[in-house]
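*Asks:* prediction below, plus the sequence it came from.
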Amino acid sequence: MIDLNGIAENMFNIALQRQKHGANISTNPLALLKHCATEVVEATEAYVRYVKDSTGDGYDMFSSELADIIACALITSDCLGIDIEKALRECYEKNKMRADGKGDKK
C-alpha cells in the first residue's frame, strides 16, 4: 500500500522549500484549493487534447495534470492535519454502499 500520509507530508515540505527559494506557491489551504481548481481546468484541456490526438504526448500531459490535482489535495490535507488515508477509506466505503443501493442521494 502507498503511504499517502507520508507522501502528503513530503509534498508539503517540498512546497515550503519551494517558497523559500522564491517560488510563487502558497501553503494556505484556500490558495491551495484555488490552485487545485486551475489544475482541474488544465487537466480538462489536456484530456480534450488527448482525445483529439491519442498520441503518447496527450496521454502523458493528461496523466501529469491528474497528478498535479492529487498533489494539491495531498498538500492541503497535510497542511490541515487531515489523515487522507482514513478520509479515502471512508469515501470508498460510502461509495461502495451507494453502489450497493444503500444511502445514495436521490
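*Replies:* Yep, that arrived. Residues are numbered from 1 along each chain as shown.

*Asks:* drop to CA atoms for contacts and neighbour counts, all remaining ones
*Replies:* Noted.

*Asks:* check the secondary structure at residue 45 for me.
*Replies:* Secondary structure, DSSP: H, G, I helix; E, B strand; the rest coil: residue 45 is helix.

*Asks:* ok, it - how many residues close by?
*Replies:* By other CA atoms under 10 Å, 14 other residues sit near residue 45.

*Asks:* where does this protein have low pLDDT?
*Replies:* Within the chain, the stretches with pLDDT under 70 are 1, 54-56, 105-106.

*Asks:* quick one, helices of it?
*Replies:* For the chain, the helices defined by DSSP state H occupy 4-20, 29-52, 56-79, 84-99.

*Asks:* can I get the last one in PDB, CA atoms only?
*Replies:* Taking only C-alpha atoms (Å, rounded to 0.1, in the frame of the first residue of the first chain), the coordinates of helix 84-99 have been written out as PDB:
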ATOM      1  CA  ILE A  84      -6.000  11.400   4.000                       C
ATOM      2  CA  GLU A  85      -5.800   7.600   4.000                       C
ATOM      3  CA  LYS A  86      -8.600   7.500   6.600                       C
ATOM      4  CA  ALA A  87     -10.700  10.000   4.600                       C
ATOM      5  CA  LEU A  88     -10.200   8.000   1.400                       C
ATOM      6  CA  ARG A  89     -11.200   4.700   3.100                       C
ATOM      7  CA  GLU A  90     -14.400   6.400   4.400                       C
ATOM      8  CA  CYS A  91     -15.100   7.800   0.900                       C
ATOM      9  CA  TYR A  92     -14.500   4.400  -0.600                       C
ATOM     10  CA  GLU A  93     -16.900   2.700   1.800                       C
ATOM     11  CA  LYS A  94     -19.600   5.400   1.400                       C
ATOM     12  CA  ASN A  95     -19.400   5.000  -2.400                       C
ATOM     13  CA  LYS A  96     -19.400   1.200  -2.200                       C
ATOM     14  CA  MET A  97     -22.600   1.300  -0.100                       C
ATOM     15  CA  ARG A  98     -24.100   3.600  -2.700                       C
ATOM     16  CA  ALA A  99     -23.100   1.200  -5.400                       C
END
